[in-house]
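Engineer: Return a 3D structure for these sequence lines:
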Amino acid sequence: MNIVSEINEGELLSSLENSINAADSYAESEIGQQRDKGHRYYYGQPMGNERPGRSQHVSMDVFDAVESVKAMLMETFSADRDICRFDPQTSEDFVPAKMATALTNYIFYRENKGSKVLHDVIHDALVAKTGIVKRYYKNYYEYDEETFEGLDEAGFNQIGADPDVTITEYAEDIQSVQVQDPQTGQILEMSQVMYSGELVRKIDKSKICIEVIPPEDFLVTPRATDEEDADFCSHRTSRTRGELLSEGYDPELVAKLDEDKDMHEDGSLGRDSVDGYRHDDSYEADHDREYVTIYESYMKKYRDDLQKCVVLKVLHSRRVLLDVEIVSEKPFRYFTPFPLPHRFHGMSLADVLFDIQKTQSSLKRGVVDHTFMTNTSRFIANLSLVKNPRDLLDNKVGAVIDVNSPNPENVVRPMPMPNLSGTVFQAIENLETEKEARSGMSRMARGMDSTVVSKQNSSDLITQFMNASNRRIMVMARNLAENFLKPLMHDIYRLAIENESQEKMIQLDGQFVPVNPQFLGDRTEMTVAVALTPEEQAQEAQMLLSLDQQFTLNPNDPNLGGMYGAPQRHAMLSRAFELLNIKSAGMYLFDPNSPEYQQQQQAMQAQQEEAASKQSEVEKFNAGMTARQVAVLEGQLELDVMKEQNKMLIEMENMQHAQEEKESRLLMDVEKQNHDMEMDEKELVVEKQQKRNVSIG
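Structural biologist: Numbering: from 1, shown residues only. Okay, here's the model as predicted:
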C-alpha cells in the first residue's frame, strides 16, 4: 500500500459501502429512468401505449435531433484539424508551443482514437445526460517469445545483460572455427562454445489511455456539483479474475471477489434494449474467465498526520479491499449538453424531446390508421342475405360479394368514414417547429426543401437563417470545448510530461520531427477551436487571404508603416491554411524564424548583392563605353574637319597648280611666239644678205 498511515480496512470498506449505496440510489432514481427512456426513444422502441390492430409507428424525433446535433459537433471538433492549440508565452516559445500542440493532438487522435472518443462522449451526453471519460497513464507490457542460435559467448552475455530479456532455455555447443593469427596471419583451427535457445522479450507498451465510461457505471455522491468538488465518485466495471491476477493482485483476495448482479439493472437495460441482454454468463468451469465486479473509488479523507484532506484511490468490491493509495486528483472529465447550476447531472437532448416524440407518434399513428381504414372500409351488411359472409371479413381487393337481393346496396354498403381533420397536419408542423426550438437544430441545416428556397432567398440570407438557428448548438459546442476538451487536453499534456520520456516522431508543418515531452515544460495557456463549421472556416480563410492581398498590393503604403512584415504574413497565411485544413503548411511556407528561411534569405541577399555588383559593373562599362564613344565621335569630327580642310587645301593647290600651269603655258606661248618672231627676223636678214629664200630651223 502506498499510504503513509495505516487505514482500518473494515471502516474504510464500510464507508465505501455507504457511499456506493447512496450514489447507486441516486443513479437508480429518476436519472436512471430518464437514461433508460432516452435510449429506448433513441432506438425507436415501442412506447407501451400501442393498441392491437392499430398502427405501431414510432416517430424518431429523438434519434433525428441527436444525430443532427452530433454531426454538427463532430464536424466542428474533428474536421481533420487540431482541436486544441497551446499559445506561446514568449517569442522564443513559438516552436515549443507548436510541438506541445502537435504532441497533445497526436496522443488524443492517434494513440487513443480521438474521433471515436468524441463521438461516444457526445452520444452519451445527448442521450443519457452525461458523457464521461477517464484518462490515466497505463503501465503495460507485452511479452514476445524469440529463439536464438549460433551466438558466441560475447553475444550471449550481451543478451543476458538486457534487463528486458529473460532467457528461458539455452544449450551449449562446442564448434570448430577458423581464425586468423594476428601476428603470423596463418589460419588456425580453434574450438568455440556457441549458444542457442529461447528467450522472452519484455516490450514496453505503456501509454496514456482515454477511456469512455458508460454513464450508468459512474457513481457520484448526490451532493456533487462537478467532478472536482465531489467527495466521492466511483467507476464500476466488470473484469475477469485473470486480468486482476496478471496485474499482480493477491490470488487469495481475487478468489473472494464475485459479480454484482444489481449493476446490470442500473441504467443499462435501455442501452441494451436494441440488441437484447448482452452480458455474458459466468464461466464456472473456467475460473480465470469469470467476471467480477470491481469499484475504482475516489474518496476525500482527512489525514491527521498531514492535517488536510487527501484523495484516496481505492480498488475494491463490496466486501474485499484490493489496493489503496493517495493520489493528487480524480481522473474523470465529463460533459453535459444542458448543464444545470449546482447539479452534477444536467439535461440531455432526449429529455427535452420525450413528449414531442410521444405526441408525434400518436398523431402519425392516427394518420396511418385513417389512411388504412379509408382504403379498407368497414361495411354495414345484412348477413342473412349474403351467401358467403367470409367475403366481407377477408375484404380482398376486387372481391365479389354474392347477395340474395335485387338491390345489393340495401344489403351491403360501406360505413361512412369521417374525414381527417386538416388540423392534424398543422399540429404535426407545430410540433416540428417546437422540436427545432428545443433542440436548436433547424430543418435547413439538415437539408432544405423546395419551400425554403425561393427567388427572394439569396445564399447569404439562407446562411444567416441557418447560423441563427444553430446558435444553441454553438453554445453547446463552446460548453464542450471549455468545460470538457480544454481540461482534458491539459490532463493529457501533463500526463505526457510526467510519465513519458521517449521521443515520438510527430508530423509538424509537413515534416516528421522528434518530440520529447520532458523538454517541453509546463503549460497553462490553451485555446480550443470551437464554433467553426467548415463553411465558417472557409469564410474566415477567404477573409485572411483577401487581407493579405490588400496588404501586399502596395508594400510601400505609408499607412501600414512596416507593420506587415514576413512574420506577420507567415502567421496570417498559416492560419488560412489551417482553416482550409491544409496540414502541411510548412511544405509551402517557410517559417521566418526557421534556419531554412534564414538560409534562403542569406542566399537571396547574396544573389541580390551579386546582381547589384554586376549591375554596377555594367553601369561602369556603359559609362566607359559612353566616354569612348564621345571621344571617338570627337576624333571623327576632327578627322572630318581635317579631311575637309585637306580637301580644300588640295583643291586650292590644284587650282593654284592649274593656274601656274596655265600661266606657264602662256609664258611658253609668249616665248615661242617671241622665238618664232626672232627666227623670222633672222631669216629675213639672211635672205636679205643672201638674196635667196632661207629656211632656218
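
Engineer: Count the neighbours of I122 for me.
Structural biologist: Taking other Cβ atoms under 10 Å as the neighbour definition, I122 ends up with a count of 25. Glycine gets a C-beta too; all of them are placed from N, C-alpha and C.

Engineer: Would you confirm that it belongs to a helix?
Structural biologist: Yes. Residue assignment for I122, taken from DSSP: H, G, I helix; E, B strand; the rest coil, places it within a helix.

Engineer: Look at G276 and report its pLDDT.
Structural biologist: Predicted confidence (pLDDT) for G276: 62.

Engineer: just the strands in the stretch 401-550 of the chain please.
Structural biologist: In the stretch 401-550 of the chain, the segments counted as strands under DSSP state E, counting those that start in this stretch are 412-414, 504-508, 511-515, 526-528.

Engineer: which residues sit against stretch 497-505?
Structural biologist: For stretch 497-505, contacts defined as Cβ atoms under 8 Å, 6 or more residues apart in numbering pick out 103, 106, 137, 206, 208, 512-518, 520-522.

Engineer: Could you identify the most distant pair in the residues you listed?
Structural biologist: The widest separation within the contacts of stretch 497-505, taken as Cβ to Cβ, falls between F512 and D522 and amounts to 25.5 Å.

Engineer: Look at those two and report which has more neighbours.
Structural biologist: Set side by side, F512 and D522 show unequal neighbour counts under other Cβ under 10 Å, the larger going to F512 at 10 against 7.

Engineer: So what's the residue count around the nearest residue to the more buried one once chain neighbours are set aside?
Structural biologist: The shortest distance from F512 to any residue that is not its chain neighbour, by Cβ to Cβ, 6 or more residues apart in numbering, is 4.9 Å, and that residue is M505. The criterion is other Cβ under 10 Å. On that basis, M505 has 10 neighbouring residues.

Engineer: Would you mind giving me the confidence score for M505?
Structural biologist: The model's pLDDT for M505 equals 82.

Engineer: Surely R575 and L544 touch.
Structural biologist: Yes. Counting by Cβ atoms under 8 Å, R575 sits close enough to L544 to count as a contact (6.0 Å).

Engineer: Comparing the two, which residue is more hemmed in?
Structural biologist: Neighbours per residue, other Cβ under 10 Å: of R575 and L544, the larger number sits with L544, 20 against 14.

Engineer: could you measure the closest residue to the more buried one other than its chain neighbours against D87, distance?
Structural biologist: Sequence neighbours aside, A576 is the residue nearest to L544 in space, at 4.3 Å (criterion: Cβ to Cβ, 6+ apart). For A576, the distance to D87 under the criterion Cβ to Cβ, to the nearest Å works out to 19 Å.

Engineer: Pairing-wise in the sheet, spell out the partners of T237.
Structural biologist: Under DSSP bridges, the beta-bridge partners of T237 are I294.

Engineer: Can you tell me the number of residues neighbouring it?
Structural biologist: Around T237 there are 17 other residues, counting by other Cβ under 10 Å.

Engineer: Contact partners for it?
Structural biologist: Taking Cβ under 8 Å, 6+ apart as the contact definition, T237 lies against D217, T293, I294, E296.

Engineer: Next, the buried residues of the host helix or strand of the last one.
Structural biologist: Secondary structure from DSSP states H and E places E296 in strand 291-303. Neighbour-count burial for strand 291-303, counted by 16 or more other Cβ atoms under 10 Å, picks out Y291, V292, T293, I294, Y295, E296, S297, Y298, M299.

Engineer: returning to that earlier point: lowest-confidence stretch among the strands of the stretch 401-550 of the chain?
Structural biologist: For these, mean pLDDT drops lowest on strand 526-528, to a mean of 68.

Engineer: so what pLDDT did the residue nearest to L544 get?
Structural biologist: At A576, the model reports a pLDDT of 75.

Engineer: Likewise for the one 10 residues further on?
Structural biologist: The score at G586 is 63. That number is its pLDDT.

Engineer: average pLDDT for the longest strand belonging to the chain?
Structural biologist: The single longest strand within the chain, with elements called by DSSP state E, is strand 187-204. The average pLDDT within strand 187-204 is 83.

Engineer: What residues of that strand count as buried?
Structural biologist: Along strand 187-204, the positions that meet the burial threshold by neighbour count (16+ other Cβ under 10 Å) are M194, Y195, G197, L199.

Engineer: Pull up the pairing partners for that strand, direction included.
Structural biologist: Partners of strand 187-204 in the sheet, by DSSP bridges, are strand 141-151 (antiparallel), strand 165-180 (antiparallel).

Engineer: Show me what counts as buried in the last one.
Structural biologist: Within strand 165-180, the residues that qualify as buried are Y170, counting by 16+ other Cβ under 10 Å.

Engineer: give me the number of residues near the closest residue to P251 other than its chain neighbours?
Structural biologist: Nearest in space to P251, with sequence neighbours left out and distances taken as Cβ to Cβ, 6+ apart, is L245 at 6.3 Å. Other residues within reach of L245 by the criterion other Cβ under 10 Å amount to 14.

Engineer: can you give me the helices for the stretch 251-400 of the chain?
Structural biologist: Counting by DSSP state H, counting those that start in this stretch, residue ranges of the helices within the stretch 251-400 of the chain are 251-255, 268-272, 354-375, 390-394.

Engineer: Ok, which of those helices comes nearest D676?
Structural biologist: Counting by Cβ to Cβ, D676 lies closest to helix 354-375 out of the helices of the stretch 251-400 of the chain; the figure is 158.7 Å.

Engineer: Now do that closest one, average pLDDT.
Structural biologist: Mean predicted lDDT for helix 354-375 stands at 81.

Engineer: Check which residues of it are buried.
Structural biologist: Buried residues in helix 354-375, counted by 16+ other Cβ under 10 Å: 354, 356-361, 363-366, 369-370.

Engineer: That one - contacts with which helices or strands?
Structural biologist: With contacts defined as 3 or more Cβ pairs under 8 Å, 6 or more residues apart in numbering; DSSP states H and E, the packing partners of helix 354-375 are helix 32-43, helix 61-77, helix 423-439.

Engineer: where's D522 relative to L103, distance?
Structural biologist: D522 sits 14 Å away from L103, taking Cβ to Cβ as the criterion.

Engineer: scratch that, L12
Structural biologist: As defined by Cβ to Cβ, L12 lies at a distance of 38 Å from L103.

Engineer: which residues touch A22?
Structural biologist: Under the criterion of Cβ under 8 Å, 6+ apart, the neighbours of A22 are T221, P222.

Engineer: can you give me phi and psi for it?
Structural biologist: Main-chain dihedrals, A22, degrees, to the nearest 10: phi -70, psi -40.

Engineer: tell me the pLDDT at it?
Structural biologist: Value listed for A22 in the pLDDT field: 88.

Engineer: cool, and Q56?
Structural biologist: At Q56 the predicted local confidence, pLDDT, stands at 86.

Engineer: now swap in the one 3 residues further on and tell me
Structural biologist: At S59, the predicted lDDT confidence score is 87.

Engineer: Regarding it, what is its secondary structure?
Structural biologist: Applying three-state DSSP to S59 yields a three-state assignment of coil.
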